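1. Sharing a sequence plus its predicted fold:
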Amino acid sequence: MSCDQDAETRHVLGCFRDRLKRLIQVEPLLDLLHFLEPDRKDRIKAKFREEGDINAAAFLIDEIIHSKNYARGWSRELIAALETVGCRHAAKYVLNSPPEPTEEAENDSCVRLIDLLQLTLVSMKTGDVCAHCRALGLLTLEDQENIMKLTENQGNIGGARLLLKRLVKNEAGWFSKFLQALEDTEHHDLVRELRGEPCNEDGEAQNIKFPHEAPGMKPHSPASAAHLQTQLSNYRIISLPSSEESKRDIVLRDYQMEVARPALEEKNIIICLPTGSGKTRVAVYITKKHLERKKQMGQPGKVVVLVNKVPLVEQHYKAEFGRFLKHQYSVERVSGASQLKISFPQIIEQNDIIICTAQILENSLAKAKNGDEDGIKLSQFTLMVIDECHHTKKGGVYNHIMIRYLSQKHKNQLLKKQEKSPVPLPQILGLTASPGVGGAMNQQMAEEHILQICANLDAFTIKTTTFKEEEAKTPYKRIARAEERKEDPFGDVIKKIMDEIHTHADLKPLCDPGTQYYEQWVVQKEQNAAKEENQMVRVCAEHLRQYNEALHQSNTIRMSDAFRFLNKYHTEELKTKSSPDEEGTITITDTERFLFTLFKDNKAKLQELMGKPQYENNSLAQLKTNILKEFSTRERARGIIFTRTRLSAIALCQWIQENPKFDEVGVRASYLIGGGDQSVVKPMTAAEQKDVLNKFRDGQINLLIATTVAEEGLDIAECNFVIRYCLVTNEIAMIQARGRGRAEDSSYTLVAEAGSGVAERESVNEYREKMMSTAIVKVCKMNRADYEKKTREFQMQAIIEEKVKIKKKLLKGMMKEPPSKISLSCRQCSVFVCSGEDIEKIENMHHVNVTKQFSKLFTVRENASLQERLLDYETNGVIACKNCGQQWGSMMLYKSIECPCLHIKHFVVTYSSKKKTFSKWSELPIKFPAFDYTQHADLLVEDSEEEDLETD
């Protein structure tokens, strides 16, 4: 390489100095730079040890730029060294071949996101992710060795930090490979976090659902993030005589009529307007005009309105569709909580407008597909309104319905070519306040996401509008930061207990108690111990998990709530160790005795400390200040506090109700939580949810403490403040929660502890919100041919993927092995329970064992959770191991036959000579036979007759 080339390289180093200092790995690079003198290398290494990689890299670059004494060809040596140590991205800059500006900007966005979410990402299993990143070419062998060495010396988090630092130095494209590495190592929650997808109300990704419902996410507003918010909800209703007061005409505003116009021309569209701007009212107007037009043409018209949450069924009926249309058309509502779902086909036939949860419709469509007479077809509808339509994406129930639609549309095109009559399909009207960006890292990806949703809904266009600043009534937003706790004696006692358990079980945690990372570590320990039949470690890990949860609670709710949680757990555990009959005695191991005694010995100290308010967490004090401010400064305050878990919602509500300060300013609080029965907290029934919401609308309740169940779609016009308490998910949830503040002069406050990362993640959501608004505008302005080409590609891809999925499912079903391949043992005491051959399935869902041999192994205890009567069966009690008291499942009464129903999570499964744990039966590739009711009923009758004969 010539002197001119060396001089050019110096110039390039100067130009790209600020970027190169972040991309160069100094320590391994120095070993390969032979043109540098040893004393200069030593100075750079000292800089590295004292000030870190970036400052050392800057020092190295300056050294090279200003020194003129290197031998010819040094620049070639530098580039080769950079490539050897894995700094190929830096090498390209040195070669003066930087990436395109758009690619560079995208990469910078990825780096910023990793930096913002580092507190969450360091919870990864560093060893597993590191190995996959190495296999994907993101790390060199030396990188991997350094990361594993640091993990060994400083723990998982230290290694994870180094891994992240190294990843961001790669060439553009590393981010998608990193996501793949996380997926391959089953870090699905982290992937969702990076993509901007939400977690559910118990802090886990998408587990908790309403009965028969798809999991609910949360939407937000389009076009102008700052301006598209709550807009003029007072519609002009034409006065009518009192005898006709139920008959009301709908008068739309100009912007509403503008977005409705393509739908009135019978085109499929998405209406994208901010919360409070009247999307549903527009849908009611379109529905009315649609049915009127069908009637004029002498054609039948039938409209189905789909929602994704049970409470929205009643809301849409009372506030909108029923209110404006029931005087003219027959309107009915059906949900998973309604007995009308049993006769759903009849409801469809008898009514003009049906408001229902999407899962009800999907179940009926699936029945028709399988040839069931009780099924219905899409061709029975002429208009389908999809509320919160941003949920129309992979895995969602809306998408399952739309895949059926798109498949039939594709078949119709083939039928037309064959000159055959196509199957009629309904017009589609999607409603959303925000389609989000789907975790997009740049503007182009955000536009792709919007186009994907348009394709999924077969939309001719997406219609939105922009409001002037003076028209947009955006809630005032503020972040209330609470100082970190200075003293936490209550937490110190819990940590001391945990340390004693660590010592007893010889456990060495890799992270601090009270964190999500500790939770993941202890869960893994419990699972491994169950498989290894190490009962001491297993039961210790289970208790540690409860103490860790109590630590987390003491940081967000009261110490007394955390204490009650622990006390309840130990009381219920002790109950399981007492046999309800005299058939045998349940064994208490030495470890269990140690754990119960340990809590008992520390119980008084915990009770003493929880009574000292000076030791409560500062977040709670900050929340108190904000609530009192809202109720003291407003004439009629009505607000919602959003929190992550059901337990915290209930505890915060009790705290408010028990505090006289809140009573003095007129606070009347209640909580609202989900209906899925997958939590330690008893769920709310649909009737209970409905009652709370009605009281909130009427003003009997003026403060609602809610989980994410209330974030989306609920319309309370008088709500004038929203507080998100230590809770941040994605941009859709942020905007939707903010949109609950419908009244003028409403406020939106985020309460977060300093250093928790919550405020930082909120800033990420604000950035994504702006990306989304820009993307919607650009898609609206796309060339028609380009738009149709792109959406058609997405649709064909979706159809093909669905066909492949069905084939795989069929193949998987064919490959299922016989039940004899498995056996079950108790997760706690490892006693043999049964062979897989003893298990049968009721309604293709409940796994039962009705053998006499199995009945001798368990006891039946009272079911403390909600007992809910279902169609043909009911739960009578809990079945538990006679040997150790471990819960195994529930006793079902199925058509008068008692059937012990097994829950797989309570067992260790021996499968192909290997011991495994499962959370769902569907994870097992085993085909269990259907429950033979007639056979078991006959056996019961025979046994009964034999007993009668013996008595005679």
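-> Looks like it arrived, so ask away.
2. Please list all residues in contact with G158.
-> 150-151 (C-beta atoms under 8 Å, 6 or more residues apart in numbering). (Glycine included, C-beta is placed from N, CA and C.)
3. any chance you could map the strands in the stretch 751-900 of the chain?
-> Taking DSSP state E, counting those that start in this stretch to define them, one finds strands in the stretch 751-900 of the chain at 822-826, 832-835, 840-842, 846-848, 858-862, 873-881, 887-894, 897-902.
4. Dump the ones you listed into CSV; add distance to N548, mean pLDDT and mean neighbour count as well.
-> Shown next, in CSV, are these (distance: least, C-beta to C-beta, whole Å; pLDDT from 0 to 100; neighbours: other C-beta atoms under 10 Å):
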stretch, distance to N548, mean pLDDT, mean neighbour count
strand 822-826, 24, 93, 21
strand 832-835, 29, 94, 17
strand 840-842, 36, 92, 18
strand 846-848, 31, 93, 21
strand 858-862, 27, 85, 17
strand 873-881, 25, 72, 20
strand 887-894, 21, 88, 20
strand 897-902, 28, 89, 20
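5. export the ones you listed to a markdown table and tack on distance to I462?
-> Below are the strands of the stretch 751-900 of the chain laid out as a markdown table (distance: least, C-beta to C-beta, whole Å):
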| stretch | distance to I462 |
| --- | --- |
| strand 822-826 | 50 |
| strand 832-835 | 55 |
| strand 840-842 | 44 |
| strand 846-848 | 43 |
| strand 858-862 | 54 |
| strand 873-881 | 45 |
| strand 887-894 | 47 |
| strand 897-902 | 46 |
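6. For I147, find the nearest of these.
-> Among those, strand 822-826 comes nearest to I147, with 37.8 Å by C-beta to C-beta.
7. and the closest one, what does it pack onto?
-> strand 832-835, strand 907-911 (3 or more C-beta pairs under 8 Å, 6 or more residues apart in numbering; DSSP states H and E).
8. now it and strand 887-894, what's the angle there?
-> 110 degrees (axes from the mean of the first three to the mean of the last three C-alpha atoms, to 10 degrees).
9. Paired strands for strand 822-826, with orientation please.
-> Applying DSSP bridges, strand 822-826 is found paired with strand 832-835 (antiparallel), strand 907-911 (antiparallel).
10. Output those strands in CSV, with distance to V334 appended to each entry.
-> Below are the strands paired with strand 822-826 laid out as CSV (distance: least, C-beta to C-beta, whole Å):
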stretch, distance to V334
strand 832-835, 40
strand 907-911, 37
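11. Which stretches in the stretch 401-550 of the chain count as strands?
-> Going by DSSP E, counting those that start in this stretch, the stretch 401-550 of the chain shows strands at 427-432, 461-463, 476-482.
12. which residues sit against the second one?
-> Strand 461-463 is contacted by residues 258-262, 267, 269-272, 435, 450, 454, 776, 779-780, 787 when judged by C-beta under 8 Å, 6+ apart.
13. let's go with 10 Å and repeat that
-> By C-beta atoms under 10 Å, 6 or more residues apart in numbering, the residues outside strand 461-463 that reach it are 222, 255, 258-263, 267-273, 282, 430, 432, 435, 450-451, 453-454, 776-777, 779-780, 782, 784, 787.
14. Now do the buried residues in it.
-> 461-463 (16 or more other C-beta atoms under 10 Å).
15. Using CSV, please lay out those residues together with pLDDT.
-> Output for the buried residues of strand 461-463, formatted as CSV (pLDDT from 0 to 100):
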residue, pLDDT
T461, 93
I462, 93
K463, 91
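16. Looking at those, which one is closest to L544?
-> Distances from L544 to these, taken by C-beta to C-beta, are shortest for I462, at 49.8 Å.
17. Roughly how far does that closest one sit from P101?
-> 28 Å (C-beta to C-beta, to the nearest Å).
18. Could you report the neighbour count for V667?
-> Counted by other C-beta atoms under 10 Å, the residues lying close to V667 total 20.
19. so it touches L703, yeah?
-> Yes. Assessed by C-beta atoms under 10 Å, V667 is found in contact with L703 at 5.3 Å.
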